Structure formats: C-alpha cells, structure tokens
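J.: okay, structure incoming, though there's no sequence with it:
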C-alpha cells in the first residue's frame, strides 16, 4: 500500500512524499530515500526498491527535496545545505510515524541525495544503516570537475548555469549560490560522526562525481560495518541494466543484513 504524505522542513516549506507500506503489523523498520538532483521521488528505481524492501518487511519512504517534484520551492534556488536540512526533516517526520520502528531506520542517498544523506546521518546518529549510490560528498569539487576554471568563472559572472547531464533528460538551471554554498558545506567533517553501518557504491567510469570521493568517504568512516564497491565500466547513471541491478541488489542486501 502507498500513502501520500506532507510535512514541513525547518524553513517552513511544504514537502511531499510517499510511504510504501509492507504487509503485516507495524511498527516496521524503515528506509528513507534521498533522490538525486533534478529528479523526484516517483521513478522506476523508487518502485523497484519499494517492492524489494516491502517484500522483506521494510517500510520505504521516498520524498521530494524542496525545489523538486511536488515539494515547495524552485529548483534553481536549491543548495547542498538546504538538501541536508530536507533530509533531516524527512527523518524527523518518519520517526513520528506510528508505523515505524524508531530504532531501525535506514537512509539511502543517490548522488545529490548522497551528499544530504551523509550530513543527515552525521547529525542524526539514530540512523542505523546508510547506503550511498555515487554520493557527491564535495559538490564544489564535483562542479569544478565538470566545468573547470573557465566554466566556474562564467557561472559566477552570469549568476546562473544551465546543467544537462543526459541527452534523454531535460536540463535545469542552478544559481551561482549553489557553488558558493557547496564550497562551505562539504560532508567530510560529518563522516567520522556517522554511527550507521555504511555501504558506498560507485562506477569506475563516473564522469560526474570523482571516484576519489567514495574512497575518501570509506576511509573517513569510523564504523565497524562498512563496505565500498566500485563497479567496473559503470557510469554515474548506471545506464547498463546489469550495473543498475547489481547496485540495487547490493543496497537491498545491505539493509536486510544490518537493519
């Protein structure tokens, strides 16, 4: 069963999400999903993960970051720090749900959502399990990796930038404030504070997030249960169905084992 819900972040903005409820009697262990930049909660990957985890007895919660989907705000105004605040708001909401076992909460973050999930797990240490798909730990480095000196300077002068990562998807506008905010808000200082059993997955052909970032995340983690998987010949978007299936199976297995 799927239930649409609304809640608010610390900035008072309305946020919208979907609760995917498993069969059985609550309370259930819960997994909160943080999606990537310019995407929204409702996607094929969301349905796949929800079904997979529901069958294992987990509640799955997917929400739209502000500036995305049905939540308030404009995409051009998002920043990494706002995304982290949104992730914390989602955790606060889910812990108040009567269907949820508050001692068994997991967090899944993809790319932009991975950045938010890292900070959220560092600040809210009740998160028991963390799964990261190609997380953008340092978004300032990500943008420099993509644009170089010339592109960053053009972004600063224009004040906005059109971003397009895939030919099959519409691009989006980001204000230069996104980059300034990212310079002040990388996640690395929060990673040693994470208490969650953590898996980090990335493709070795990722042209969006430097592969070195997932290595640094892994090295900074102080937890006993941690794992890093680098998938050969895999890109940032897991376009190859075999790579995508492997990634999602690894994540589902990690939650089943530790949550």
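T.: Happy to help now that I have it. Note that this is a predicted model, so its numbers are computed, not measured. Numbers count the residues shown, from 1 in each chain.

J.: need the next SSE after the host helix or strand of residue 60, C-terminal direction.
T.: Using DSSP states H and E, residue 60 falls within strand 59-63. Using DSSP H and E, the helix or strand that follows strand 59-63 in sequence is helix 80-95.

J.: neighbours around the residue lying closest to residue 65 once chain neighbours are set aside, how many?
T.: Once flanking residues are discounted, residue 65 sits nearest to residue 86: 4.9 Å by C-beta to C-beta, 6 or more residues apart in numbering. For the C-beta atoms, the positions are set from N, CA and C on the backbone; glycine is no exception. Using other C-beta atoms under 10 Å, residue 86 has 28 neighbouring residues.

J.: list the contacts of residue 86.
T.: Residue 86 sits next to 9, 15, 63, 65, 66, 71, 116 when contact means C-beta atoms under 8 Å, 6 or more residues apart in numbering.

J.: could I get these as TSV with pLDDT and distance to residue 161?
T.: Formatted as TSV, those follow (pLDDT from 0 to 100; distance: C-beta to C-beta, whole Å):
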residue	pLDDT	distance to residue 161
9	97	25
15	98	25
63	97	26
65	97	19
66	97	19
71	97	22
116	97	20
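
J.: for the strand or helix carrying residue 143, buried residues please.
T.: Element membership for residue 143, per DSSP H and E: helix 139-158. Residues 139, 140, 141, 142, 143, 144, 145, 147, 152, 155 are the ones in helix 139-158 that count as buried (16 or more other C-beta atoms under 10 Å).

J.: elements contacting the helix or strand following that helix?
T.: Using DSSP H and E, the helix or strand that follows helix 139-158 in sequence is strand 160-163. Using 3 or more C-beta pairs under 8 Å, 6 or more residues apart in numbering; DSSP states H and E, the elements in contact with strand 160-163 are helix 139-158, strand 172-175.

J.: got the contact list for the first one?
T.: Contacts to helix 139-158, defined as C-beta under 8 Å, 6+ apart, come from residues 80, 112, 115, 136, 161, 176, 178-179, 182-183, 185-186, 208-210, 213.

J.: okay, who's weakest in the residues you listed by pLDDT?
T.: In this model, the minimum pLDDT among the contacts of helix 139-158 belongs to residue 186 (79).

J.: residues touching it, list them.
T.: Counting by C-beta under 8 Å, 6+ apart, residue 186 has contacts 137, 138, 139, 140, 141.

J.: one more time with 10 Å
T.: 80, 115, 118-119, 136-142, 213, 216 (C-beta atoms under 10 Å, 6 or more residues apart in numbering).

J.: strands of the stretch 151-259 of the chain, start to end?
T.: 160-163, 172-175, 197-203, 226-231 (DSSP state E, counting those that start in this stretch).
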